[in-house]
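[1] Next one to model:
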Amino acid sequence: MAHALLVASPGLGHLIPILELGNRLSSVLNIRVTVLAVTTGSSSLTETEAIRAVAARGTCEVTELPPVDTDHSVEPNATVFTKIVEKMRAAKPVVQDAIKSMTQKPTVMIVDFLGTGMMSIADDAGMAKYVYVASNSWFLALMMYLPVLDKVVEGEYIDIKEPMKIPGCRSIGPDDLIETMLDRSNRHYRECVRCGEEIPMSDGILVNTWEELEGKTLPALREDGELSRVMKVPVYAIGPIVRSNELTKRPNSIFEWLDKQQERSVLYVCLGSGGTLSLKQTTELACGLELSGQSFLWVLRRPTSYLGESSTDDDLVSAGLPEGFLDRTRGMGLVVTEWAPQVEILSHGSIGGFLSHCGWSSVLESLTKGVPIVAWPLYAEQWMNATLLTEEIGVAVRTSELPSKGVIGREEVASLVRKIMAGEGEEGRKIRAKAEEVRVSSERVWTQGGSSYYSLLEWAKQCRLLS
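    Numbers count the residues shown, from 1 in each chain. Reported below is the predicted structural model:
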(Lines give C-alpha, C1' and ligand atoms only; values in the text may rest on other atoms or scores of the structure.)
Protein backbone atom coordinates (compact mmCIF):
# COMPACT_ATOMS: atom_id res chain seq x y z
CA MET A 1 0.00 0.00 0.00
CA ALA A 2 1.26 3.49 -0.88
CA HIS A 3 2.24 5.66 2.07
CA ALA A 4 1.87 9.44 2.39
CA LEU A 5 3.44 11.51 5.18
CA LEU A 6 1.87 14.79 6.33
CA VAL A 7 3.63 17.19 8.71
CA ALA A 8 1.36 19.59 10.60
CA SER A 9 2.48 22.98 11.89
CA PRO A 10 1.59 24.02 15.47
CA GLY A 11 -1.77 25.59 16.26
CA LEU A 12 -5.30 24.38 15.62
CA GLY A 13 -5.63 26.57 12.52
CA HIS A 14 -2.82 24.57 10.87
CA LEU A 15 -3.24 21.21 12.59
CA ILE A 16 -6.92 20.62 11.78
CA PRO A 17 -6.62 21.30 8.02
CA ILE A 18 -3.71 18.84 7.76
CA LEU A 19 -5.60 16.23 9.78
CA GLU A 20 -8.65 16.62 7.56
CA LEU A 21 -6.47 16.40 4.45
CA GLY A 22 -5.03 13.16 5.78
CA ASN A 23 -8.51 11.80 6.36
CA ARG A 24 -9.51 12.71 2.79
CA LEU A 25 -6.40 11.12 1.24
CA SER A 26 -6.98 7.92 3.17
CA SER A 27 -10.70 7.63 2.46
CA VAL A 28 -10.61 8.59 -1.24
CA LEU A 29 -7.31 7.07 -2.35
CA ASN A 30 -7.27 4.10 0.05
CA ILE A 31 -3.64 4.69 0.97
CA ARG A 32 -1.75 4.65 4.24
CA VAL A 33 -1.46 8.12 5.78
CA THR A 34 0.80 9.15 8.65
CA VAL A 35 0.49 12.59 10.24
CA LEU A 36 3.34 13.99 12.32
CA ALA A 37 2.01 16.86 14.45
CA VAL A 38 4.43 19.52 15.65
CA THR A 39 2.60 21.03 18.62
CA THR A 40 2.96 24.29 20.52
CA GLY A 41 3.86 22.60 23.78
CA SER A 42 2.48 25.43 25.91
CA SER A 43 -1.21 24.97 25.04
CA SER A 44 -1.39 21.51 23.51
CA LEU A 45 -4.58 20.32 25.24
CA THR A 46 -6.88 21.35 22.38
CA GLU A 47 -4.32 20.10 19.87
CA THR A 48 -4.27 16.73 21.62
CA GLU A 49 -8.07 16.57 21.56
CA ALA A 50 -8.09 17.28 17.80
CA ILE A 51 -5.48 14.59 17.23
CA ARG A 52 -7.45 12.04 19.25
CA ALA A 53 -10.66 12.86 17.37
CA VAL A 54 -9.05 12.17 14.00
CA ALA A 55 -7.13 9.15 15.27
CA ALA A 56 -10.41 7.69 16.54
CA ARG A 57 -11.69 7.48 12.96
CA GLY A 58 -8.96 5.00 12.17
CA THR A 59 -8.18 6.55 8.78
CA CYS A 60 -4.80 8.07 9.72
CA GLU A 61 -1.89 7.23 11.97
CA VAL A 62 -1.30 10.38 14.01
CA THR A 63 1.82 11.00 16.10
CA GLU A 64 2.09 14.03 18.36
CA LEU A 65 5.77 14.98 18.32
CA PRO A 66 7.46 16.27 21.48
CA PRO A 67 7.54 20.08 21.62
CA VAL A 68 10.76 21.83 20.66
CA ASP A 69 12.34 24.72 22.54
CA THR A 70 12.66 27.90 20.46
CA ASP A 71 12.97 30.43 23.29
CA HIS A 72 16.60 31.06 22.36
CA SER A 73 15.84 31.80 18.70
CA VAL A 74 12.59 33.79 18.88
CA GLU A 75 12.02 37.07 20.67
CA PRO A 76 9.31 36.97 23.37
CA ASN A 77 7.24 39.56 21.49
CA ALA A 78 7.55 37.81 18.12
CA THR A 79 4.35 37.28 16.15
CA VAL A 80 2.55 33.94 16.09
CA PHE A 81 3.54 33.55 12.44
CA THR A 82 7.24 33.86 13.29
CA LYS A 83 6.99 31.51 16.26
CA ILE A 84 5.32 28.79 14.19
CA VAL A 85 7.87 29.04 11.37
CA GLU A 86 10.72 28.83 13.87
CA LYS A 87 9.19 25.83 15.64
CA MET A 88 8.93 24.02 12.31
CA ARG A 89 12.54 24.83 11.58
CA ALA A 90 13.65 23.56 15.00
CA ALA A 91 11.56 20.39 14.70
CA LYS A 92 13.44 19.04 11.67
CA PRO A 93 15.62 16.61 13.66
CA VAL A 94 12.54 15.26 15.48
CA VAL A 95 10.72 14.72 12.18
CA GLN A 96 13.80 13.04 10.67
CA ASP A 97 14.02 10.65 13.63
CA ALA A 98 10.31 9.82 13.30
CA ILE A 99 10.74 8.99 9.60
CA LYS A 100 13.77 6.79 10.29
CA SER A 101 11.72 4.76 12.78
CA MET A 102 8.99 3.95 10.23
CA THR A 103 8.90 0.38 8.95
CA GLN A 104 7.35 1.47 5.65
CA LYS A 105 8.99 4.58 4.23
CA PRO A 106 6.58 7.18 2.77
CA THR A 107 6.78 7.99 -0.93
CA VAL A 108 5.45 11.53 -0.60
CA MET A 109 5.66 14.28 2.04
CA ILE A 110 3.14 17.11 2.43
CA VAL A 111 3.71 20.23 4.55
CA ASP A 112 1.66 23.39 4.94
CA PHE A 113 3.08 26.69 3.72
CA LEU A 114 4.64 27.47 7.12
CA GLY A 115 6.57 24.22 6.99
CA THR A 116 8.37 24.64 3.67
CA GLY A 117 11.68 24.51 5.52
CA MET A 118 10.94 20.82 6.11
CA MET A 119 11.15 19.95 2.41
CA SER A 120 14.89 19.25 2.54
CA ILE A 121 14.00 16.20 4.65
CA ALA A 122 12.00 14.83 1.72
CA ASP A 123 14.96 15.43 -0.60
CA ASP A 124 17.29 13.52 1.74
CA ALA A 125 14.82 10.63 2.03
CA GLY A 126 14.02 10.44 -1.68
CA MET A 127 10.38 11.47 -1.24
CA ALA A 128 8.28 13.67 -3.48
CA LYS A 129 7.37 16.90 -1.67
CA TYR A 130 4.19 18.97 -1.85
CA VAL A 131 2.81 22.04 -0.09
CA TYR A 132 -0.76 22.17 1.18
CA VAL A 133 -2.29 25.66 1.23
CA ALA A 134 -5.41 25.40 3.38
CA SER A 135 -6.69 28.69 2.00
CA ASN A 136 -7.92 30.02 -1.33
CA SER A 137 -6.06 30.44 -4.62
CA TRP A 138 -6.02 34.26 -4.41
CA PHE A 139 -4.07 33.98 -1.16
CA LEU A 140 -1.76 31.46 -2.83
CA ALA A 141 -1.21 33.84 -5.76
CA LEU A 142 -0.21 36.62 -3.38
CA MET A 143 2.17 34.35 -1.47
CA MET A 144 3.82 33.28 -4.71
CA TYR A 145 4.10 36.83 -6.06
CA LEU A 146 5.27 38.40 -2.78
CA PRO A 147 8.99 37.82 -3.50
CA VAL A 148 8.51 39.78 -6.75
CA LEU A 149 6.68 42.60 -4.96
CA ASP A 150 9.43 42.63 -2.35
CA LYS A 151 11.97 43.50 -5.04
CA VAL A 152 9.98 46.10 -6.99
CA VAL A 153 7.93 47.93 -4.34
CA GLU A 154 9.56 50.66 -2.29
CA GLY A 155 8.41 51.65 1.19
CA GLU A 156 5.53 50.11 3.12
CA TYR A 157 2.73 48.39 1.21
CA ILE A 158 0.18 49.97 3.53
CA ASP A 159 1.16 53.44 2.25
CA ILE A 160 0.43 52.59 -1.39
CA LYS A 161 -2.95 54.00 -2.40
CA GLU A 162 -3.31 52.19 -5.72
CA PRO A 163 -4.10 48.45 -5.67
CA MET A 164 -1.07 46.24 -6.31
CA LYS A 165 -1.42 44.07 -9.38
CA ILE A 166 -0.93 40.31 -9.38
CA PRO A 167 -0.79 39.04 -12.98
CA GLY A 168 -4.07 37.46 -14.03
CA CYS A 169 -5.69 37.91 -10.61
CA ARG A 170 -7.70 40.44 -8.64
CA SER A 171 -5.44 43.27 -7.47
CA ILE A 172 -4.58 43.65 -3.78
CA GLY A 173 -6.00 46.83 -2.25
CA PRO A 174 -4.75 48.50 0.96
CA ASP A 175 -7.60 46.85 2.91
CA ASP A 176 -6.78 43.39 1.52
CA LEU A 177 -3.18 43.11 2.72
CA ILE A 178 -2.36 40.06 4.81
CA GLU A 179 -1.23 40.91 8.32
CA THR A 180 2.39 39.88 7.69
CA MET A 181 2.70 42.57 4.98
CA LEU A 182 1.84 45.50 7.24
CA ASP A 183 5.38 46.01 8.57
CA ARG A 184 8.27 45.12 6.28
CA SER A 185 10.81 45.70 9.05
CA ASN A 186 9.33 42.91 11.17
CA ARG A 187 10.88 39.46 11.05
CA HIS A 188 7.51 37.89 10.22
CA TYR A 189 7.51 39.71 6.88
CA ARG A 190 10.90 38.27 5.92
CA GLU A 191 9.67 34.80 6.93
CA CYS A 192 6.60 35.30 4.76
CA VAL A 193 8.73 36.24 1.75
CA ARG A 194 10.91 33.20 2.38
CA CYS A 195 7.82 30.95 2.35
CA GLY A 196 6.89 32.43 -1.03
CA GLU A 197 10.38 31.70 -2.32
CA GLU A 198 10.39 28.10 -1.07
CA ILE A 199 6.94 26.98 -2.25
CA PRO A 200 8.08 26.73 -5.94
CA MET A 201 10.86 24.38 -4.78
CA SER A 202 8.18 21.75 -4.13
CA ASP A 203 6.87 19.26 -6.69
CA GLY A 204 3.43 20.84 -6.58
CA ILE A 205 0.78 22.59 -4.51
CA LEU A 206 -2.53 21.36 -3.11
CA VAL A 207 -4.98 24.19 -2.39
CA ASN A 208 -8.23 24.04 -0.43
CA THR A 209 -10.56 25.53 -3.04
CA TRP A 210 -12.30 24.27 -6.16
CA GLU A 211 -12.46 25.16 -9.82
CA GLU A 212 -16.05 26.41 -9.83
CA LEU A 213 -15.48 28.65 -6.80
CA GLU A 214 -12.37 30.44 -8.11
CA GLY A 215 -12.56 30.01 -11.85
CA LYS A 216 -10.85 33.37 -12.44
CA THR A 217 -7.75 32.93 -10.27
CA LEU A 218 -6.83 29.28 -10.72
CA PRO A 219 -6.17 29.62 -14.48
CA ALA A 220 -3.71 32.45 -13.79
CA LEU A 221 -1.68 30.09 -11.61
CA ARG A 222 -1.47 27.51 -14.40
CA GLU A 223 -1.62 29.15 -17.83
CA ASP A 224 1.51 30.48 -19.45
CA GLY A 225 2.16 33.94 -18.08
CA GLU A 226 4.13 35.90 -15.51
CA LEU A 227 2.47 34.32 -12.47
CA SER A 228 2.77 30.73 -13.70
CA ARG A 229 6.47 31.34 -14.43
CA VAL A 230 6.84 32.34 -10.78
CA MET A 231 4.85 29.28 -9.71
CA LYS A 232 6.92 26.78 -11.72
CA VAL A 233 4.98 23.80 -10.29
CA PRO A 234 1.46 22.38 -10.84
CA VAL A 235 -1.47 23.49 -8.70
CA TYR A 236 -4.19 21.02 -7.67
CA ALA A 237 -7.51 22.44 -6.42
CA ILE A 238 -8.81 19.69 -4.11
CA GLY A 239 -11.29 21.53 -1.88
CA PRO A 240 -13.49 21.91 -0.05
CA ILE A 241 -11.88 19.87 2.72
CA VAL A 242 -13.68 20.65 5.97
CA ARG A 243 -14.34 19.05 9.33
CA SER A 244 -17.12 16.49 9.37
CA ASN A 245 -19.94 16.08 11.89
CA GLU A 246 -18.52 13.42 14.14
CA LEU A 247 -19.10 14.66 17.65
CA THR A 248 -20.08 12.02 20.15
CA LYS A 249 -21.36 14.56 22.64
CA ARG A 250 -23.19 17.79 21.85
CA PRO A 251 -23.93 20.68 24.23
CA ASN A 252 -27.63 19.95 24.77
CA SER A 253 -28.52 23.53 25.68
CA ILE A 254 -27.46 24.82 22.25
CA PHE A 255 -29.25 22.22 20.17
CA GLU A 256 -32.37 22.13 22.32
CA TRP A 257 -32.66 25.88 21.66
CA LEU A 258 -31.91 25.55 17.93
CA ASP A 259 -34.49 22.79 17.57
CA LYS A 260 -37.20 25.24 18.66
CA GLN A 261 -36.32 27.87 16.04
CA GLN A 262 -37.79 28.22 12.59
CA GLU A 263 -35.90 27.04 9.53
CA ARG A 264 -33.11 29.41 8.38
CA SER A 265 -34.13 31.96 11.03
CA VAL A 266 -31.01 32.11 13.26
CA LEU A 267 -27.82 34.12 12.74
CA TYR A 268 -24.77 32.28 14.07
CA VAL A 269 -22.19 34.74 15.48
CA CYS A 270 -18.66 33.48 16.09
CA LEU A 271 -15.36 35.26 15.47
CA GLY A 272 -13.05 32.27 15.92
CA SER A 273 -11.00 31.13 18.88
CA GLY A 274 -8.96 34.34 18.82
CA GLY A 275 -11.77 36.68 17.87
CA THR A 276 -12.09 38.99 20.84
CA LEU A 277 -13.50 42.51 20.50
CA SER A 278 -13.11 45.71 22.45
CA LEU A 279 -15.70 46.45 25.11
CA LYS A 280 -17.16 49.26 22.96
CA GLN A 281 -17.40 47.03 19.87
CA THR A 282 -18.97 44.24 21.92
CA THR A 283 -21.62 46.69 23.07
CA GLU A 284 -22.33 47.93 19.53
CA LEU A 285 -22.51 44.39 18.17
CA ALA A 286 -24.93 43.38 20.92
CA CYS A 287 -27.14 46.41 20.34
CA GLY A 288 -27.04 45.79 16.59
CA LEU A 289 -28.17 42.19 17.00
CA GLU A 290 -31.02 43.34 19.23
CA LEU A 291 -31.96 46.13 16.82
CA SER A 292 -32.05 43.74 13.85
CA GLY A 293 -34.98 41.83 15.31
CA GLN A 294 -33.43 38.56 14.07
CA SER A 295 -32.81 35.46 16.17
CA PHE A 296 -29.14 34.80 16.94
CA LEU A 297 -26.75 32.33 18.55
CA TRP A 298 -23.66 34.17 19.75
CA VAL A 299 -20.46 32.41 20.84
CA LEU A 300 -19.05 35.22 22.97
CA ARG A 301 -15.43 35.76 23.97
CA ARG A 302 -14.34 38.01 26.82
CA PRO A 303 -13.90 41.63 25.55
CA THR A 304 -10.24 42.60 25.21
CA SER A 305 -10.63 45.70 27.37
CA TYR A 306 -12.51 43.96 30.20
CA LEU A 307 -10.53 44.23 33.42
CA GLY A 308 -9.52 41.07 35.25
CA GLU A 309 -7.92 37.74 34.52
CA SER A 310 -8.90 35.76 31.46
CA SER A 311 -11.74 33.45 32.32
CA THR A 312 -14.45 31.37 30.72
CA ASP A 313 -16.80 32.02 33.61
CA ASP A 314 -20.20 33.03 32.20
CA ASP A 315 -20.59 36.04 34.48
CA LEU A 316 -17.16 37.45 33.61
CA VAL A 317 -17.68 37.08 29.86
CA SER A 318 -21.22 38.44 29.78
CA ALA A 319 -20.14 41.41 31.89
CA GLY A 320 -19.09 43.04 28.63
CA LEU A 321 -22.68 43.06 27.35
CA PRO A 322 -25.01 46.09 27.67
CA GLU A 323 -27.04 46.19 30.84
CA GLY A 324 -30.26 44.23 30.47
CA PHE A 325 -29.28 42.79 27.07
CA LEU A 326 -29.69 39.16 28.09
CA ASP A 327 -33.12 39.83 29.61
CA ARG A 328 -34.37 41.83 26.61
CA THR A 329 -33.24 39.21 24.08
CA ARG A 330 -34.30 36.13 26.03
CA GLY A 331 -36.06 33.81 23.58
CA MET A 332 -34.82 35.85 20.63
CA GLY A 333 -31.16 35.02 21.14
CA LEU A 334 -28.81 32.65 22.94
CA VAL A 335 -25.39 33.73 24.21
CA VAL A 336 -22.88 30.90 24.70
CA THR A 337 -19.60 31.40 26.53
CA GLU A 338 -18.19 27.87 26.32
CA TRP A 339 -16.83 25.98 23.33
CA ALA A 340 -19.44 25.36 20.64
CA PRO A 341 -19.36 22.72 17.85
CA GLN A 342 -19.32 25.00 14.82
CA VAL A 343 -19.74 22.43 12.05
CA GLU A 344 -22.78 20.88 13.69
CA ILE A 345 -24.28 24.31 14.37
CA LEU A 346 -23.86 25.40 10.76
CA SER A 347 -25.41 22.10 9.70
CA HIS A 348 -28.57 22.74 11.73
CA GLY A 349 -31.61 23.65 9.67
CA SER A 350 -32.41 26.73 11.75
CA ILE A 351 -29.15 28.52 10.83
CA GLY A 352 -29.68 31.09 8.08
CA GLY A 353 -26.56 33.27 8.33
CA PHE A 354 -23.09 33.43 9.83
CA LEU A 355 -21.39 36.55 11.20
CA SER A 356 -17.80 35.38 10.81
CA HIS A 357 -14.19 36.52 11.11
CA CYS A 358 -13.67 34.91 7.68
CA GLY A 359 -10.96 32.43 8.56
CA TRP A 360 -10.90 30.15 5.51
CA SER A 361 -11.84 27.02 7.46
CA SER A 362 -14.91 28.78 8.85
CA VAL A 363 -15.73 30.15 5.39
CA LEU A 364 -15.71 26.67 3.87
CA GLU A 365 -17.74 25.23 6.73
CA SER A 366 -20.35 27.89 6.02
CA LEU A 367 -20.32 27.65 2.21
CA THR A 368 -20.65 23.87 2.18
CA LYS A 369 -23.88 24.28 4.19
CA GLY A 370 -25.27 27.04 1.96
CA VAL A 371 -25.09 29.64 4.74
CA PRO A 372 -24.44 33.27 3.61
CA ILE A 373 -21.98 35.38 5.59
CA VAL A 374 -21.72 38.74 7.30
CA ALA A 375 -17.97 39.31 6.89
CA TRP A 376 -16.20 40.64 9.99
CA PRO A 377 -12.46 40.17 9.23
CA LEU A 378 -10.02 40.75 12.09
CA TYR A 379 -6.48 39.62 11.24
CA ALA A 380 -4.17 37.36 9.15
CA GLU A 381 -5.54 36.86 5.60
CA GLN A 382 -9.16 37.40 6.69
CA TRP A 383 -9.32 40.81 4.98
CA MET A 384 -8.55 39.16 1.64
CA ASN A 385 -11.13 36.46 2.30
CA ALA A 386 -13.82 39.05 3.02
CA THR A 387 -13.14 40.81 -0.28
CA LEU A 388 -13.21 37.52 -2.18
CA LEU A 389 -16.53 36.52 -0.60
CA THR A 390 -18.26 39.83 -1.26
CA GLU A 391 -16.80 41.09 -4.54
CA GLU A 392 -16.03 37.92 -6.49
CA ILE A 393 -18.03 34.97 -5.15
CA GLY A 394 -21.04 37.02 -4.00
CA VAL A 395 -22.03 35.12 -0.85
CA ALA A 396 -21.46 37.80 1.78
CA VAL A 397 -21.93 41.38 2.90
CA ARG A 398 -19.25 43.25 4.78
CA THR A 399 -18.80 46.24 7.04
CA SER A 400 -18.16 49.70 5.57
CA GLU A 401 -14.68 49.75 7.09
CA LEU A 402 -12.37 47.12 8.55
CA PRO A 403 -13.43 46.26 12.13
CA SER A 404 -9.72 46.35 13.02
CA LYS A 405 -9.64 50.08 12.15
CA GLY A 406 -12.77 51.37 13.85
CA VAL A 407 -15.95 50.56 15.73
CA ILE A 408 -18.86 49.29 13.62
CA GLY A 409 -22.04 50.96 14.87
CA ARG A 410 -25.23 49.20 15.89
CA GLU A 411 -27.29 50.57 12.99
CA GLU A 412 -24.85 49.17 10.46
CA VAL A 413 -24.76 45.81 12.26
CA ALA A 414 -28.56 45.62 12.19
CA SER A 415 -28.69 46.51 8.49
CA LEU A 416 -26.13 43.86 7.53
CA VAL A 417 -27.87 41.19 9.58
CA ARG A 418 -31.30 41.94 8.08
CA LYS A 419 -29.85 41.92 4.57
CA ILE A 420 -28.53 38.39 5.06
CA MET A 421 -31.27 36.95 7.26
CA ALA A 422 -34.35 38.57 5.80
CA GLY A 423 -33.00 38.85 2.26
CA GLU A 424 -33.77 42.58 2.29
CA GLY A 425 -33.44 44.13 -1.16
CA GLU A 426 -32.18 42.64 -4.39
CA GLU A 427 -28.64 42.26 -3.01
CA GLY A 428 -29.80 40.17 -0.06
CA ARG A 429 -31.85 37.84 -2.27
CA LYS A 430 -28.96 37.36 -4.69
CA ILE A 431 -26.57 36.54 -1.86
CA ARG A 432 -28.84 33.88 -0.38
CA ALA A 433 -29.40 32.34 -3.81
CA LYS A 434 -25.67 32.36 -4.53
CA ALA A 435 -24.91 30.68 -1.20
CA GLU A 436 -27.22 27.82 -2.12
CA GLU A 437 -25.61 27.58 -5.56
CA VAL A 438 -22.15 27.32 -3.98
CA ARG A 439 -23.39 24.59 -1.60
CA VAL A 440 -24.56 22.48 -4.51
CA SER A 441 -21.27 23.10 -6.32
CA SER A 442 -19.24 22.08 -3.24
CA GLU A 443 -20.99 18.70 -3.18
CA ARG A 444 -20.75 18.11 -6.92
CA VAL A 445 -16.97 18.52 -7.09
CA TRP A 446 -16.43 15.48 -4.87
CA THR A 447 -18.61 13.10 -6.84
CA GLN A 448 -16.83 10.79 -9.28
CA GLY A 449 -15.91 12.95 -12.23
CA GLY A 450 -16.15 16.15 -10.18
CA SER A 451 -13.31 18.64 -10.51
CA SER A 452 -11.76 18.14 -7.05
CA TYR A 453 -12.12 14.36 -7.17
CA TYR A 454 -10.41 14.33 -10.56
CA SER A 455 -7.71 16.76 -9.39
CA LEU A 456 -6.86 14.60 -6.38
CA LEU A 457 -6.57 11.50 -8.56
CA GLU A 458 -4.31 13.37 -10.98
CA TRP A 459 -2.09 14.46 -8.11
CA ALA A 460 -1.95 10.91 -6.72
CA LYS A 461 -0.86 9.57 -10.11
CA GLN A 462 1.74 12.32 -10.46
CA CYS A 463 3.43 11.39 -7.17
CA ARG A 464 2.97 7.65 -7.79
CA LEU A 465 0.54 6.97 -4.99
CA LEU A 466 -1.69 5.35 -7.60
CA SER A 467 -0.57 3.21 -10.49
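[2] Run a quick neighbour tally on Arg24.
    Other residues within reach of Arg24, judged by other Cβ atoms under 10 Å, total 21. For every residue, glycine as well, the C-beta is placed using N, CA and C.
[3] So it is in contact with Ile241, correct?
    Yes - assessed by Cβ atoms under 8 Å, Arg24 is found in contact with Ile241 at 5.3 Å.
[4] quick check: domain ranges of the chain?
    As given by automatic domain parsing, the domain ranges for the chain are 3-239+445-462, 252-443.
[5] and of the ones you listed, who's closest to Asn245?
    Nearest to Asn245 among the domains of the chain is domain 252-443 (5.3 Å), distances taken as Cβ to Cβ.
[6] first vs last residue of that closest one, how far apart are they?
    In domain 252-443, first residue to last residue: 29 Å (Cα to Cα, to the nearest Å).
[7] just stretch 107-122 next, same as before
    Note: stretch 107-122 ends 9 Å apart using Cα to Cα.
[8] if you average pLDDT over it, what comes out?
    The average pLDDT for stretch 107-122 rounds to 96.
[9] where does it sit relative to the chain's centre, distance-wise?
    A distance of 20 Å separates the centroid of the chain from that of stretch 107-122, by Cα atoms, centre = their mean, to the nearest Å.
[10] for that stretch, which positions count as buried?
    For stretch 107-122, burial by neighbour count (16 or more other Cβ atoms under 10 Å) applies to 107-119, 121-122.
[11] need the strands for this structure, in chain order.
    With DSSP state E applied, the chain shows strands at 3-8, 32-38, 61-65, 108-112, 128-133, 205-207, 235-237, 266-270, 295-299, 333-336, 351-356, 373-375, 396-398, listed in chain order.
[12] Neighbours of Glu223, how many?
    By other Cβ under 10 Å, the residues close to Glu223 number 10.
[13] I meant to write Met127 there.
    22.
[14] wait, Lys92 sits on Thr116?
    No - if you go by Cβ under 8 Å, Lys92 and Thr116 don't touch, sitting 11.8 Å apart.
[15] Model confidence for Glu338, exactly?
    The model reports Glu338 with a pLDDT of 82.
[16] Use 42 as the first number for this chain going forward.
    All set: I'll call the first residue 42, so the last point we hit is now Glu379.
[17] From the structure, what's the count of residues near it?
    Using other Cβ under 10 Å, Glu379 is surrounded by 12 other residues.
[18] contacting residues around Val274?
    240-241, 243-246 (Cβ atoms under 8 Å, 6 or more residues apart in numbering).
[19] For the residue nearest to it when sequence neighbours are not counted, grab phi and psi.
    Once flanking residues are discounted, Val274 sits nearest to Gly245: 4.9 Å by Cβ to Cβ, 6 or more residues apart in numbering. Phi and psi for Gly245, reported as degrees, to the nearest 10, are phi 160, psi 170.
[20] just checking, Gly245 touches Lys273?
    No - using Cβ under 8 Å, Gly245 is not in contact with Lys273; the gap is 9.9 Å.
[21] what packs against the longest helix seen in the chain?
    Criterion DSSP state H: the longest helix present in the chain is helix 466-485. Packing partners of helix 466-485 (3 or more Cβ pairs under 8 Å, 6 or more residues apart in numbering; DSSP states H and E): helix 401-408, strand 437-439, helix 451-462.
[22] hmm, 7 Å instead?
    If you count contacts as 3 or more Cβ pairs under 7 Å, 6 or more residues apart in numbering; DSSP states H and E, helix 466-485 packs onto helix 401-408, helix 451-462.
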